[in-house]
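Visitor: 3D model of this:
(2 chains)
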Amino acid sequence: MRRTAELGFLLALALILSYVESLIPFSFGVPGIKLGLPNLIVLLLLYGRNEEQTADGESASRTGFVNFLTKGERESLLVNALRIVLSGFLFSNLYAILYALAGAAFSFLAMIIGRRSKRFSVVGVSVLGGVFHNVGQLLVAMAVVETLAVAYYVPFLIVAGTVTGALLGVAGMEILPYLRRLMQEEEWNQ
Amino acid sequence: MFENRKETNRKDSRRISRADICLMAFFLLLALGCFGWSVLSRKEGQRLQISYDGQTVMNVPLSQIRPQKIAGEGDGAVRYCLIRCLDESVSCEWYDARPDLASTVPDGGSYNLLAVSVTGVFMEAADCRDQICVHHIPLTGIGESMICLPHKLVVEMAGEADEGTLDGIAKAEKAGKRPDVMSKAEKTGKTVYNGGRRSYETDG
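Guide: Okay, the predicted model is just below:
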């Protein structure tokens, strides 16, 4: 029950970040580049839970993609999908939702692979997420309109994904210890 | 959600690892490589094509519309094309100097002011709500395009002759040289008839 409330709280935060992002004029001559602020929430959910990354014991006996994910991964997937659908209906249109979902799917896969490889810190995982979000979205756009004409955006999108991913990763890295400490204190008070 | 915290995940939350730096360097080098490759393989556009809501409204050779380079004056010269739209009908007018938008744009209509310089084609101004086209980098190479989604306008650089349009494909078919033209036409031509749907840049 408490976890549901916490997830709702983070979902609301992600929606606010979506809105804030839509207010910031942020243009570098190539459509599709943006800060990706809501990805901060995905990062916090992926890393907030102190669990062994394989979640053995919990899901070892079960199969299927959903059970293959750890709790933190499932929660971040859920919150992000809801965030995209809700912010899409609130601030933009159906096509935008589809493209955002495609980008988020690529980004999420890249991030869980990056996290499970245990080579990268939050920053590296965030960079992976940023780059794959942009590139995945471009690939889907190319498939939908059946054109290669937008391929010249690729280098710009990779650079943008790296820079914004690194910035968000550093922010997440700074926030995480405080979030964990906050939650710990809360638990003691109960 | 943060229950059962042991001191496990802590190591990955405080420090940027060497792998992170390598990853970022890799992506930046990859982008540099892609950029270099796209610059080297770029072919200068020959024709400018403008379509509204999937219908081609203009398809002219750049050599006709490009301002002449005046010796000693650099690349400064710019010609303008004012694309106005009122009640689903589109008009294009050329100007050698920047037109006064307040007096030329009718009430209730919308406009895009396209600029053609010696080095490229860019959107000087528009009254669309997202201004994505105005911020777009200038078009130079074949196949590069910019889309003003709110105005259903697509501006595109095409190759020589009619290559890249459906007319061009039809002519090429008659002339019996379909295959080599087709491949390029598929890259550039199809997008013209999808004007309103290329909406990936508006994601939320």
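
Visitor: Around the residue of chain A found nearest chain B, how many other residues sit close by?
Guide: Taking CB to the nearest CB, chain B has its nearest neighbour within chain A at residue A:31, 3.0 Å off. Every residue, glycine included, has its C-beta placed from N, CA and C. Counted with other CB atoms under 10 Å in any protein chain shown, the neighbours of residue A:31 add up to 27.

Visitor: check contacts around residue A:15.
Guide: Going by CB atoms under 8 Å, 6 or more residues apart in numbering or on different chains, residue A:15 touches A:83, A:86, A:87, A:90.

Visitor: in what helix or strand does it lie?
Guide: Using DSSP states H and E, residue A:15 sits in helix A:2-23.

Visitor: Show me what secondary structure element comes after that helix.
Guide: In N-to-C order, the element after helix A:2-23 by DSSP H and E is helix A:39-48.

Visitor: related to what we said a few turns ago, buried only: go through the contacts of residue A:15 for me.
Guide: Buried members of those, counted by 16 or more other CB atoms under 10 Å in any protein chain shown: A:83, A:86, A:87.

Visitor: could you redo those residues as TSV and give each row distance to residue B:145, secondary structure and pLDDT?
Guide: Listed next are those as TSV, based on distance: CB to CB, whole Å; DSSP: H, G, I helix; E, B strand; the rest coil; pLDDT from 0 to 100:
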residue	distance to residue B:145	secondary structure	pLDDT
A:83	31	helix	92
A:86	32	helix	92
A:87	28	helix	89
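
Visitor: Can you sort out which of the residues you listed also neighbour chain B?
Guide: residue A:87 (CB under 8 Å from any CB of the partner chain).

Visitor: ok so, going back, got the angle for the helix holding residue A:15 vs helix A:39-48?
Guide: 150 degrees (axes from the mean of the first three to the mean of the last three CA atoms, to 10 degrees).

Visitor: for the chain, which spans come out with low pLDDT?
Guide: Just so you know, I chose chain A. For chain A, applying pLDDT under 70 flags the ranges A:1, A:49-67, A:146-149, A:183-190.

Visitor: wrong one, I was asking about chain B
Guide: Ranges of chain B meeting pLDDT under 70: B:1-14, B:68-76, B:106, B:161-204.

Visitor: which helix in it runs the most residues?
Guide: helix B:18-40 (DSSP state H).

Visitor: Show me which residues of the helix or strand just after that one are buried.
Guide: Scanning forward in sequence from helix B:18-40 by DSSP H and E, the next helix or strand is strand B:47-52. Neighbour counts over strand B:47-52 (16+ other CB under 10 Å) mark B:47, B:48, B:49, B:50, B:51, B:52 as buried.

Visitor: what does stretch A:161-177 give?
Guide: For stretch A:161-177, by 16+ other CB under 10 Å, it's A:161-169, A:171-173, A:175-176.

Visitor: Those residues into CSV, with extra columns for secondary structure and distance to residue A:73?
Guide: What follows is the buried residues of stretch A:161-177, written out as CSV (DSSP: H, G, I helix; E, B strand; the rest coil; distance: CB to CB, whole Å):
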residue, secondary structure, distance to residue A:73
A:161, helix, 21
A:162, helix, 23
A:163, helix, 25
A:164, helix, 22
A:165, helix, 18
A:166, helix, 22
A:167, helix, 23
A:168, helix, 18
A:169, helix, 17
A:171, helix, 20
A:172, helix, 16
A:173, helix, 19
A:175, helix, 19
A:176, helix, 16
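
Visitor: Filter those to keep only those in contact with chain B.
Guide: Checking these against chain B (CB under 8 Å from any CB), the matches are A:161, A:162, A:166, A:169, A:173, A:176.

Visitor: and residue B:129, how far is that from chain A?
Guide: Distance, residue B:129 to chain A, by CB to the nearest CB, to the nearest Å: 12 Å.

Visitor: can you confirm that residue is in a strand?
Guide: No. Counting by DSSP: H, G, I helix; E, B strand; the rest coil, residue B:129 is not part of a strand but coil.

Visitor: Now it: closest residue in space that isn't a chain neighbour?
Guide: Leaving aside its chain neighbours, residue B:129 sits nearest to residue B:150 (5.5 Å; criterion: CB to CB, 6 or more residues apart in numbering or on different chains).

Visitor: And residue B:141, by the same measure?
Guide: Here the residue nearest residue B:141, using CB to CB, 6+ apart, is residue B:42, at 3.8 Å.

Visitor: so who does the one you found touch?
Guide: Counted by CB under 8 Å, 6+ apart, residue B:42 has contacts A:152, B:140, B:141, B:142.

Visitor: and which of those is nearest residue B:88?
Guide: Nearest to residue B:88 among the contacts of residue B:42: residue B:142, at 29.8 Å, using CB to CB.

Visitor: thinking that closest one is in contact with residue B:62, fair?
Guide: No. Using CB atoms under 8 Å, residue B:142 is not in contact with residue B:62, being 10.9 Å away.

Visitor: Quick check: neighbours shared by those two?
Guide: B:45, B:46.

Visitor: you'd agree residue B:93 is in a strand?
Guide: Yes. Membership of residue B:93 in a strand is supported by three-state DSSP.

Visitor: mind listing what it touches?
Guide: B:81, B:82, B:84, B:99, B:104.

Visitor: How about the secondary structure of the fourth one?
Guide: Which is residue B:99. From three-state DSSP, the assignment for residue B:99 is coil.

Visitor: mind listing what it touches?
Guide: Counted by CB under 8 Å, 6+ apart, residue B:99 has contacts B:80, B:82, B:93, B:113.
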